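S.K.: Provided below for reference: sequence and predicted model.
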Amino acid sequence: MRPKQPLRHELKYLLRREQVGPLLDDLRERLRVDDHGDARGVYPITSLYYDAPAFKAYWDKIDGQRNRRKVRVRVYDPIDVTPETPCFLEVKQRIDRMMSKRRVVLPYAGAVDFDAFPNLAAARPGPDGDLLQEVYYLYRTLQLRPTCVVTYDRMAFEGDAYAPDLRVTLDTLVTGRTHDLSLVSGDRAANRVALGPEYAVLEVKANDNVPGWLANLLARHHCTFRRIGKYCLVLETCQAVAARRHIFVAGNNT
C-alpha cells in the first residue's frame, strides 16, 4: 500500500461536455466514488482566496513560476455558513513539478482572523501551529487580503488497491465573485459564471506516475492537458486583473 505523500503530481485537463459522460462511465468501472458526495458522488466547494494587492498569486500562475503558494479558506456544502462553521485554512504550494496542500480546521471566524494567528499558533504546537505561523508571515510580508470567492461542484474518485495514492476529480459549473468577500453571506451574494456547463476541469493527483490504464483512458477520450486555475478564471471573468494573456479563452482550446 502506498499512502498519499505530502508532495504529489497534479495534472489538469479541460473537457467538453460531450466527453464527460463516457469518461465517467469508464472511471466508475475502475475507481470508487468519494463517500462525501450525494447520490451521484457530487459535493459543492466554496473557497475564499487571498492575494497580494498586485495579485502575486495570479501572476505567479500565469507566468508559470515553479515555486508559488496560494492561501485560501474553504468550506464544503456551504449553504448556511456561520462564524462557527468548521472550515479549512489551506496553503496550496507548487514546488518545481510537485504540489502540496496543507490545512488546518478552524471555525470560520477564526480562519479569517489572520491577526490572531500568532497566539493561536502558540496554543496549537506542531503542524497546525506551523501552518498558522506560515500564513501569518505571508499575510504580513505580502499584505494578503481577500480577493475572490470561487464556487464549483466536484465529483471525486479514489484509487483502487493497486493505486491507493490516486485521486481523480471532476469540477463543473465554476462561478465566483470579487465583491462581498465573506462566505457567511452565502447565496445572498451574486456570482458570475467563469466556466459554464459546456466545460469541466478534470484533475489527476498521484504520488508518482499516473497508472498506465488511466493514461490510456485519458488519451482514448481525447482529454486536453491544460494548466487551468479556477482562481485565475474567476479573477479574469470579474475583470479584476488586466491580464496580458488569459488562462482560458472559450473556443480556443481544441
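M.R.: Here it is on my side, so go on. Please read these numbers as outputs of a predicted model, since none were measured by experiment.
S.K.: got phi/psi on residue 215?
M.R.: phi -60, psi -40 (degrees, to the nearest 10).
S.K.: where does it land on pLDDT?
M.R.: pLDDT, residue 215: 94.
S.K.: quick one: contacts for it?
M.R.: Shown in contact with residue 215 (Cβ atoms under 8 Å, 6 or more residues apart in numbering): no residues. (Glycine included, C-beta is placed from N, CA and C.)
S.K.: which helices and strands sit right next to the biggest helix by length in the chain?
M.R.: Taking DSSP state H as the criterion, the chain has its longest helix at helix 127-142. Helices and strands touching helix 127-142, by 3 or more Cβ pairs under 8 Å, 6 or more residues apart in numbering; DSSP states H and E, are strand 67-76, strand 86-95, strand 98-107, helix 117-123.
S.K.: I'd like these as TSV, with distance to residue 60 appended.
M.R.: Compiled in TSV, the helices and strands packed on helix 127-142 are given as follows (distance: least, Cβ to Cβ, whole Å):
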stretch	distance to residue 60
strand 67-76	4
strand 86-95	9
strand 98-107	13
helix 117-123	23
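S.K.: what element comes up after the host helix or strand of residue 151 heading to the C-terminus?
M.R.: Element membership for residue 151 (DSSP states H and E) is strand 145-158. Downstream of strand 145-158, the first helix or strand assigned by DSSP H and E is strand 167-177.
S.K.: show me what that next one pairs with in its sheet, parallel or antiparallel.
M.R.: strand 145-158 (antiparallel), strand 192-206 (antiparallel) (DSSP bridges).
S.K.: separation between the spatially closest residue to residue 107 that is not a sequence neighbour and residue 196?
M.R.: With sequence-adjacent residues excluded and distances taken as Cβ to Cβ, 6 or more residues apart in numbering, residue 107 is closest to residue 84, at 5.0 Å. Separation of residue 84 from residue 196 (Cβ to Cβ, to the nearest Å) stands at 34 Å.
S.K.: what of residue 111?
M.R.: Distance from residue 111 to residue 196, by Cβ to Cβ: 30 Å.
S.K.: and residue 150, which of the helices and strands packed on helix 127-142 is closest to it?
M.R.: Of all those, strand 67-76 sits nearest to residue 150, with 8.3 Å by Cβ to Cβ.
S.K.: that closest one - contacts with which helices or strands?
M.R.: strand 42-51, helix 56-62, strand 86-95, helix 108-111, helix 127-142.
S.K.: and it, how far out from the chain's middle?
M.R.: In terms of Cα atoms, centre = their mean, to the nearest Å, the centre of strand 67-76 is set 7 Å apart from its chain centre.
S.K.: pLDDT averaged over that strand - what is it?
M.R.: Regarding strand 67-76, the rounded mean pLDDT is 96.
S.K.: likewise stretch 154-173?
M.R.: Here the average pLDDT along stretch 154-173 is 90.
S.K.: endpoint to endpoint, it covers what distance?
M.R.: 9 Å (Cα to Cα, to the nearest Å).
S.K.: mind listing what's buried along it?
M.R.: 154-157, 159, 163, 165-173 (16 or more other Cβ atoms under 10 Å).
S.K.: equivalent analysis for stretch 200-220, please.
M.R.: 200-207, 210-211, 214, 217-218.
S.K.: out of those, which is nearest to residue 237?
M.R.: residue 201 (14.3 Å).
S.K.: settle this for me: that closest one is touching residue 16, isn't it.
M.R.: No: using Cβ atoms under 8 Å, residue 201 is not in contact with residue 16; the gap is 11.5 Å.
S.K.: overlap of the contact sets of these two?
M.R.: By Cβ under 8 Å, 6+ apart, no residue touches both residue 201 and residue 16.
S.K.: so who does residue 97 touch?
M.R.: 9, 66.
S.K.: kindly recompute the last result at 6 Å.
M.R.: If you count contacts by Cβ atoms under 6 Å, 6 or more residues apart in numbering, residue 97 has none.
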